[in-house]
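got a structure for you, letters missing:
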């Protein structure tokens, strides 16, 4: 079984799919993957086919709901025996098989990007439902004007890395969040360039840089990819890194004032995201990060990595002066 190829037939509940290889119907498709691959590898392959982000996918089958806790487990160890038997051998077959359902929202339904004459990126949002008049009225003319002044002037991936379209989508998703837009307006943040950070040139034996802020907002770089370039980092941590780097627009050192502002930015962004979701005024259909009252162990680790790496960079910069 370990070397077997699975031909999983998956039904997508988000509507019809177009241009999907090995389509079975308008919303069903085949995913071929080795049984000894991880659950996360399956999600990443589904993301490649459907544009449903791996971190927001819900995969449901008889006797099993695949959660993020399963991500590092091998398919042959976690899938029910009847599912493995039905889908092993690499061929879809004709016999009735256990149903596998995919729930999630495709990124390309959330928004489209239009370039302005000045080559800056202008965000044009596409709602999956029409907001109520009351919800629309909450975004005042003043807020719309402020969005143009306090914004990310340019959003660009690293052109020399593969799958730059995916990096662009993640950066655009961050910039489009109602909470992020709100803290940009409130704190009068303006960032010249939002881009990704190359893991290869920002990782050493002793530190891992998760983000960089150059000249108090001239440029912000975020680490989007895994160290081995074979996947994408957790969206929650990327979003927290963005709030961290925005706090450096005001404070250079990692002192109490910096940490207070960082925590404030995360709380404010979260509160605005929840408000827009509850009011029916969702600018996209993505599942935005909502940080818990207390950070998880993974969150604490990420925050510690960000602080340690940034402090080391600043010490090195001072020594070089």
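Nice, I can see it. As the structure is a computational prediction, the values presented were derived from the model and not from experiment.

in a strand, residue 49, correct?
No - when classified by DSSP: H, G, I helix; E, B strand; the rest coil, residue 49 is found to be helix rather than part of a strand.

the closest residue to residue 249 other than its chain neighbours and residue 7, how far apart?
Nearest residue to residue 249, sequence neighbours excluded (C-beta to C-beta, 6 or more residues apart in numbering): residue 217, at 4.4 Å. Every residue, glycine included, has its C-beta placed from N, CA and C. Residue 217 sits 49 Å away from residue 7 when distances are taken as C-beta to C-beta, to the nearest Å.

ok so, going back, in three-state terms, label the residue nearest to residue 249 for me.
coil.

these two touch, right, it and residue 191?
Yes - in this structure residue 217 lies within contact range of residue 191 using C-beta atoms under 8 Å: 4.8 Å.

who has more neighbours, those two?
Per other C-beta atoms under 10 Å, whichever of residue 217 and residue 191 has more neighbours is residue 191, with 25 against 19.

that one against residue 152, yeah?
Yes - with the criterion set as C-beta under 8 Å, residue 191 and residue 152 qualify as a contacting pair; they are 4.8 Å apart.

now for these two: what residues contact both?
A shared contact of residue 191 and residue 152, defined by C-beta atoms under 8 Å, 6 or more residues apart in numbering, is any residue touching both; here these are residue 220.

shaky segments in this protein?
For the chain, the stretches with pLDDT under 70 are 1-3, 89-95, 107-140, 204-205, 273-321.

just the helices in it please.
Taking DSSP state H as the test, the helices found in the chain are 39-50, 75-78, 81-87, 133-138, 141-149, 164-176, 178-186, 235-247, 256-279, 297-320.

centroid residue for this structure?
Among the residues of the chain, the smallest C-alpha distance to the mean C-alpha position (C-alpha atoms, centre = their mean) belongs to residue 235, namely 3.7 Å.

if I pick the nearest residue to that residue once chain neighbours are set aside, what's in contact with it?
Leaving out its chain neighbours, the residue that sits closest to residue 235 by C-beta to C-beta, 6+ apart is residue 55, at 5.1 Å. With contact set as C-beta under 8 Å, 6+ apart, residue 55 has these partners: 68, 234-235.

distance to residue 199 added to those residues, as CSV?
Compiled in CSV, those are given as follows (distance: C-beta to C-beta, whole Å):
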residue, distance to residue 199
68, 22
234, 14
235, 17
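
just the closest of these to residue 171, please.
residue 235 (11.4 Å; C-beta to C-beta).

now for the closest one: which residues touch it?
53, 55, 170, 173, 289.

from residue 38, how far off is residue 269?
Noted for residue 269: a distance of 31 Å to residue 38, by C-beta to C-beta.

thanks again, I'm all set now.
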